[in-house]
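> Only the shape, not the letters, is given here:
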Ligand SMILES: [Ca+2]
Ligand SMILES: [Ca+2]
């Protein structure tokens, strides 16, 4: 019983200390308010370049890169190569390519089966469920096609292709990733 009481007192003391510690930084934190204004401005400027779609933001980059270079570039701005989760997103990304490029052109998105042939992943960790493969694709031609291009052929469908090919690409950001 005594031990229980001691424990209860200890818990109370710890709670009081924790509260004091929690209060302290707030009292001395007038600085971050200004930072938040700057951050908000940057967010707004940055936001204009991105197409918002159901809580995610997409951006087309026209300068051709290899798949790995493109993914690396997307990561450098806090994004990944785009995952495509459904038909609506696929359609909207095709329109985005057309709008930015002036024509339909094969474009990297974030699908890859480089780890194990035939097992596809999205580089942003999304579940790989929806697909829009062209007929007879992915064919892993010559055993060396491990990266996913969309907008292939007149059907504007998906094709697996050699990762070292250079393509324009689309990055995606989750909504909560404000900067970076
Ligand atoms: Ca493959
Ligand atoms: Ca192929």
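Ah, there it is. Note that the structure is predicted; figures quoted are calculated from it, not measured. Numbers count the residues shown, from 1 in each chain. Ligands and ions are numbered 1, 2, ... in the order given.
> tell me which residues in whichever strand or helix holds residue 121 are buried?
Per DSSP states H and E, residue 121 falls inside strand 119-122. Along strand 119-122, these residues count as buried under the neighbour rule (16 or more other C-beta atoms under 10 Å): 120, 121, 122. C-beta: built from backbone N, CA, C; applies to glycine.
> Name the next helix or strand following that strand along the chain.
strand 147-152.
> strands paired with the strand holding residue 121, and their directions?
Strand partners for strand 119-122, identified by DSSP bridges, are recorded as strand 107-116 (antiparallel).
> gap between the strand it pairs with and the chain center?
14 Å (C-alpha atoms, centre = their mean, to the nearest Å).
> Could I get the buried residue list for it?
Using 16+ other C-beta under 10 Å, the residues of strand 107-116 that count as buried are 107, 108, 109, 110, 111, 112, 113.
> Is it correct that residue 105 is in contact with residue 168?
Yes - using C-beta atoms under 8 Å, residue 105 and residue 168 qualify as a contacting pair, with a distance of 6.3 Å.
> neighbour count winner among these two?
Just comparing residue 105 and residue 168: by other C-beta atoms under 10 Å the higher neighbour count belongs to residue 168, 20 against 16.
> Mind giving me the packing neighbours of the helix or strand containing that one?
The secondary structure element spanning residue 168 is strand 167-174 (assigned by DSSP H and E). Packed against strand 167-174 by the contact rule (3 or more C-beta pairs under 8 Å, 6 or more residues apart in numbering; DSSP states H and E) you find strand 56-65, helix 67-76, strand 80-81, helix 87-101, strand 107-116.
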